[in-house]
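Asks: build me a model:
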Amino acid sequence: HSYYGDSVVVRELDVERAGEVLRRTGPDADAMVVVQVNHLGGALARPAPNAVPFRDGRFLVRLLTVVGREPARALLDPVFALLAPDTLGRSVNFALGAGDRTEGLHDPETRKRLAGLKSSYDPANLFGTG
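Replies: Purely as a prediction, here's the structure:
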């Protein structure tokens, strides 16, 4: 087995939806799931000219499991869907095994700026990031 994890930045954490997340990832789940919820704020909430997106998010919800990619997605995608109404995007720092999915990692403006930087500083794609 390999690790698979992903995370979302959410505006708010609805108590009932959070309870359902825990129910679906708890002892009755098809695989062990580590659930981590971080309260965001402080320096992360302040605007800065860098690639950190979704600064208006209040929580980071991370889910990690130790099954292959497809079984993990079958288990975790419906859980992330529960959070979709409040989801701003995904955290690029915790796309463990989910790096093939690039949607939601950056807002459009940041994605455009990063593409320009990549074009300038890594035109040969030595870092293999796209």
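
Asks: contacts and neighbour counts: CA atoms only from here.
Replies: Noted.

Asks: okay, now the unreliable bits of the protein?
Replies: Residues of the chain meeting the criterion pLDDT under 70: 1, 98-100, 128-130.

Asks: which residue ranges of it form helices?
Replies: All helices of the chain, identified by DSSP state H, fall at 15-25, 69-83, 108-121.

Asks: ranking the ones you listed by burial, who's on top?
Replies: helix 69-83 (a mean of 17; mean count of other Cα atoms under 10 Å).

Asks: name the helices or strands packed onto that one?
Replies: On a contact count with 3 or more Cα pairs under 8 Å, 6 or more residues apart in numbering; DSSP states H and E, helix 69-83 meets strand 4-10, helix 15-25.

Asks: change it to 6 Å
Replies: Under the contact criterion of 3 or more Cα pairs under 6 Å, 6 or more residues apart in numbering; DSSP states H and E, helix 69-83 touches no helix or strand at all.

Asks: what's the neighbour count on the nearest residue to Ala45 once chain neighbours are set aside?
Replies: The shortest distance from Ala45 to any non-neighbouring residue, by Cα to Cα, 6 or more residues apart in numbering, is to Arg55 (4.7 Å). Arg55 has 18 neighbouring residues, counting by other Cα atoms under 10 Å.
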